[in-house]
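# got a predicted structure plus its sequence, pasted below:
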Amino acid sequence: MKENKINDMESCRLCPRRCGVNRAAGKKGRCHTDGRLLVARAALHQWEEPCISGEEGSGAVFFSGCALGCVYCQNYAISRALAGQEISVERLAEIFLELQEQKANNINLVTAGHYVRQVIAALEIAKEQGLLIPVVYNSSGYECAGTLKLLEGLVDIYLPDFKYMDAGLAARLSGAADYPEVAGDALREMVRQQPVPEFDSRGIMTKGVIVRHLVLPGHVQEAKRIIGALHQEYGNRIYISIMNQYTPVDAVKEDKLLGRKVTKREYEKVLDYALEIGVEQGFFQEGKTAMESFIPPFDGTGVIRRESY
């Protein structure tokens, strides 16, 4: 069993912000959360990549808070911890097992980095009690490689974003000029842990790394730069998921670029480039993607135990 020092939140350094806040004493860090474990939704989710969701769905557990804080965030209600219910580590372990009973293809930990100690404890409990399905770590990509090392042997699939190669853009849109370097180091650690993609007989991924890039309006060259760098370093050892589902939120509606959706032509240019450089293992989105399709209601579904009578 891994050493689990939940009290390291007394001077929290779990994420790249390394804010040092005493979350254990109720202070909120850059992740907008304190030491409580807050979950906004735990349910079958159909809108991940096909090899993650499959027909049955992914067992998505949406954690409250986020260390990155993008100005265009479409999960604002949970990234700023405006939604979420406090639960115990033991209840989180039960949730994992309940999702397995619902035939989830995997346990999908959505933005869990600032709760990594509680997640480790819950996974260890659940695995001791019969959790067998793969565990997916679904992340912004802005992670400490050292924190990820704590998850080795517990996470089967890494599903990070890679948002920026341009430090100036990362600073302007996410307040994180170090994003390219930090995300690059994090991804190397993820691939070190899961270097070979594996699938079951249904085509559901059981091990591996899928890197997502959300194409931003007016930033085709940035998207090409990211895809090119990923393919050059990893080839077909990773899958690349190229997403066109960007939808403007109120905070950026006056921005001349971020205030609009990605055009069909912009997205096609990115896809054409990926094919041109030889990306063979990847995913793209067809047709018009609706924001509502990908963002479920963060209403506490599946979080609190329902007693039977």
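Structure received. Predicted, not measured: the structure shown is a model, and the values here were computed from it.
# what about the spatially closest residue to Val155 that is not a sequence neighbour, neighbour count?
Closest residue to Val155 apart from its sequence neighbours, by CB to CB, 6 or more residues apart in numbering: Tyr137 at 4.6 Å. For glycine as for every other residue, the C-beta is placed from the backbone atoms N, C-alpha and C. Tyr137 is flanked by 27 other residues according to other CB atoms under 10 Å.
# now Arg265
Count around Arg265 with other CB under 10 Å applied: 8.
# hang on, it in a helix?
Yes - in this structure, Arg265 lies within a helix as judged by DSSP: H, G, I helix; E, B strand; the rest coil.
# quick one: Cys144 from Cys15, how far?
6 Å (CB to CB, to the nearest Å).
# what of Glu56?
32 Å.
# looking at the two, which has the bigger crowd around it?
Cys15 (23 against 15).
# what's near enough to touch that one?
Contact analysis of Cys15 by CB atoms under 8 Å, 6 or more residues apart in numbering lists Gly29, Arg30, Cys31, Ala67, Gly113, His114, Tyr142, Glu143, Cys144, Thr147.
# grab the nearest non-local neighbour of Ile157.
Using CB to CB, 6+ apart, the closest residue to Ile157 is Val136 (4.5 Å).
# pLDDT on the helix or strand that neighbour falls within, on average?
Assigned by DSSP states H and E, Val136 belongs to strand 135-139. Average pLDDT, strand 135-139: 98.
# which helices and strands sit right next to the following helix or strand past it?
Next helix or strand after strand 135-139 toward the C-terminus (DSSP H and E): helix 145-149. Counting by 3 or more CB pairs under 8 Å, 6 or more residues apart in numbering; DSSP states H and E, the packing neighbours recorded for helix 145-149 are helix 179-193.
# for the helix it packs on, buried residues please.
Tyr179, Pro180, Val182, Ala183, Gly184, Asp185, Ala186, Leu187, Glu189, Met190, Val191, Gln193 (16 or more other CB atoms under 10 Å).
# what element comes up after that helix heading to the C-terminus?
Following helix 179-193 in sequence, per DSSP H and E, is strand 198-199.
# buried sites along stretch 263-273?
Buried, per 16+ other CB under 10 Å, within stretch 263-273: Glu266, Tyr267, Lys269, Val270, Leu271, Tyr273.
# how long is stretch 130-147 end to end?
25 Å (CA to CA, to the nearest Å).
# how far off centre is that stretch?
The chain centre lies 8 Å from the centre of stretch 130-147; the measure is CA atoms, centre = their mean, to the nearest Å.
# what of stretch 240-249?
14 Å.
# now do stretch 56-71
6 Å.
# ok, and what's touching the strand holding Val136?
Contacts of strand 135-139 (CB under 8 Å, 6+ apart): 48, 52, 58, 60, 106-113, 123, 151, 154-161, 186, 190.
# which of the residues you listed fall within helices?
Judged by DSSP state H, the subset of the contacts of strand 135-139 located in helices is Ile52, Leu123, Ala186, Met190.
# wait, isn't the second one in contact with Leu154?
Yes - taking contacts as CB atoms under 8 Å, Leu123 lies within contact range of Leu154: 5.0 Å.
# who has more neighbours, those two?
Higher neighbour count among Leu123 and Leu154: Leu123, with 23 against 17, using other CB under 10 Å.
# what about the helices in this structure?
50-53, 76-79, 89-101, 116-128, 145-149, 167-174, 179-193, 220-234, 264-276, 291-294.
# what's in contact with the first one?
For helix 50-53, contacts defined as CB under 8 Å, 6+ apart pick out 45-47, 58, 105-106, 108, 136, 157, 159, 199, 203-205, 210, 239, 283.
# between the helices of the chain, which gets nearest to Ile304?
helix 89-101 (8.1 Å; CB to CB).
# in the closest one, what counts as buried?
For helix 89-101, by 16+ other CB under 10 Å, it's Val89, Arg91, Leu92, Ala93, Glu94, Ile95, Phe96, Leu97, Glu98, Leu99, Gln100.
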